[in-house]
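> Here is the input, now give the coordinates:
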Amino acid sequence: MLKNVSLIILMLVGTATIALSQIRTPAASPSATFTQTVGLTEVTVEYSRPGVKGRAIFGDLVPYGNIWRTGANSATKISFSQDVSIEGKELKAGSYAILTTPGKTTWDVSFYPYESGNWGSYVEQEPAVKATVASSELPIELENFTIMIHNLQSEGADLHLVWANCLVAVKIGVNSDAQVMADIERTLAGPSTNQYYTIGSYLHDSGKDLKEALKYVQKATKGDEPRFWQVRKEAVILADLGRKAEAITAASLSLKLAKEAGNDDYVRMNEKSIKEWSM
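From the prediction side, this is the model:
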């Protein structure tokens, strides 16, 4: 009897422990994530938002001249889908940790290639880009630290860091014009050889019109630098059309290109096909 009572007590304690472990409480500095399109570039920011909570912030809680994680908890992370510029300085596409050094009238804003949320690990590293920007005083106090992207234009925007009555704006430049012009040039130039090959392969592999499939694949293989896998597809389609002599010619070219590229799989496939189609 005593043994059963002890077992019941242990079960109740275990159940209570599990229940307590599932209790969630609000974060002191809630996390936030947002994505903003600037021109044709996606900018994503992940950070935490501490509150003022009646405290003196800059010059006190966040001392002037000291490196700050720019938020709370983990390092603030910003990601760019395309190359950008920060205050005129080039920054490659990718993810970066933002660390700042607040001052009375200016801030240093540094972007480090993102490795982890451990903001202290960046302090001794050289940033990819560092910019010094002016800070300004707001007529109101913002309770929670806020990062936002403002003044959106086709060629850039401002990254705003705002907390208490302090605002810091960092200029982000994007190259939308170059991206648009590149798209225009590609469109005017027509489909690429890879696109022709993809269309032809689809028509062949899905059992559709083989003559149409051959037409598209040959648009890829008639270029100055046909690829061995493209010529291989041409050979297979020709064989399926019953044009064995032409298929052997194409397979022989694919075999030669595959040898030059060092692709043994395509070498074997072409050698086998040439033997079969020669019978």
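
> all contacts plus neighbour counts: C-alpha atoms, from now on.
Fine.

> where's Glu143, which helix or strand?
Here Glu143 sits within strand 129-153, counting by DSSP states H and E.

> Tell me which other helices or strands the helix or strand following that strand touches.
Past strand 129-153, heading to the C-terminal end, the next element that is a helix or strand (DSSP H and E) is strand 156-174. Under the contact criterion of 3 or more C-alpha pairs under 8 Å, 6 or more residues apart in numbering; DSSP states H and E, strand 156-174 touches strand 31-38, strand 84-86, strand 129-153.

> Would you reformat the ones you listed as TSV and include distance to Arg232?
Written out in TSV, the entries for the helices and strands packed on strand 156-174 read as follows (distance: least, C-alpha to C-alpha, whole Å):
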stretch	distance to Arg232
strand 31-38	42
strand 84-86	41
strand 129-153	48
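
> okay, those strands, which one's buried deepest?
strand 84-86 (a mean of 20; mean count of other C-alpha atoms under 10 Å).

> buried ones in the helix or strand hosting Thr187?
Element membership of Thr187 [criterion: DSSP H and E] is helix 176-189. The neighbour-count criterion (16 or more other C-alpha atoms under 10 Å) identifies Ser176 as the buried residues of helix 176-189.

> which other residues reach the next helix or strand along the chain from it?
Proceeding C-terminally, helix 176-189 gives way to helix 193-205 as the next helix or strand, assigned by DSSP H and E. Contact partners of helix 193-205, identified using C-alpha atoms under 8 Å, 6 or more residues apart in numbering, comprise 209-210, 212-221, 223, 230, 233, 237.

> With mean pLDDT and distance to Arg24 as added columns, please give the helices and strands packed on strand 156-174 in CSV.
As requested, these are arranged in CSV below (pLDDT from 0 to 100; distance: least, C-alpha to C-alpha, whole Å):
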stretch, mean pLDDT, distance to Arg24
strand 31-38, 96, 15
strand 84-86, 97, 39
strand 129-153, 96, 21
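
> Tell me which of those sits nearest to Val62.
When the helices and strands packed on strand 156-174 are ranked by proximity to Val62, the top entry is strand 129-153, at 12.3 Å, counting by C-alpha to C-alpha.

> mind listing what Ala247 touches?
Ala247 sits next to 234-239, 277 when contact means C-alpha under 8 Å, 6+ apart.

> what about the chain, any weak spots by pLDDT?
Per-residue confidence of the chain (counting by pLDDT under 70) places the weak regions at 1-21.

> Give me the domain ranges for the chain.
With automatic domain parsing as the criterion, the domains of the chain are listed as 26-178, 191-277.

> how about Ala157, what does it touch?
With C-alpha under 8 Å, 6+ apart as the criterion, the residues that contact Ala157 are 38, 149-151, 171-173.

> now, which of those sits nearest Ile57?
For the contacts of Ala157, the residue nearest Ile57 by C-alpha to C-alpha is Ile149; the value is 22.3 Å.

> thinking again about what came up before, okay, the domains of the chain in TSV with distance to Ile184 next?
As requested, those are exported to TSV (distance: least, C-alpha to C-alpha, whole Å):
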stretch	distance to Ile184
domain 26-178	10
domain 191-277	12
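
> Ok, which of the helices and strands packed on strand 156-174 comes nearest Trp68?
The minimum distance between Trp68 and these falls on strand 129-153, with 12.7 Å, by C-alpha to C-alpha.

> which outside residues touch that closest one?
Strand 129-153 is touched from outside by 36, 38-39, 48-53, 71, 86-87, 89-91, 104-112, 157-170, with contacts defined as C-alpha under 8 Å, 6+ apart.

> Repeat the analysis, applying 6 Å as the threshold.
With contact meaning C-alpha atoms under 6 Å, 6 or more residues apart in numbering, strand 129-153 is reached by 49-52, 105-111, 157-168.
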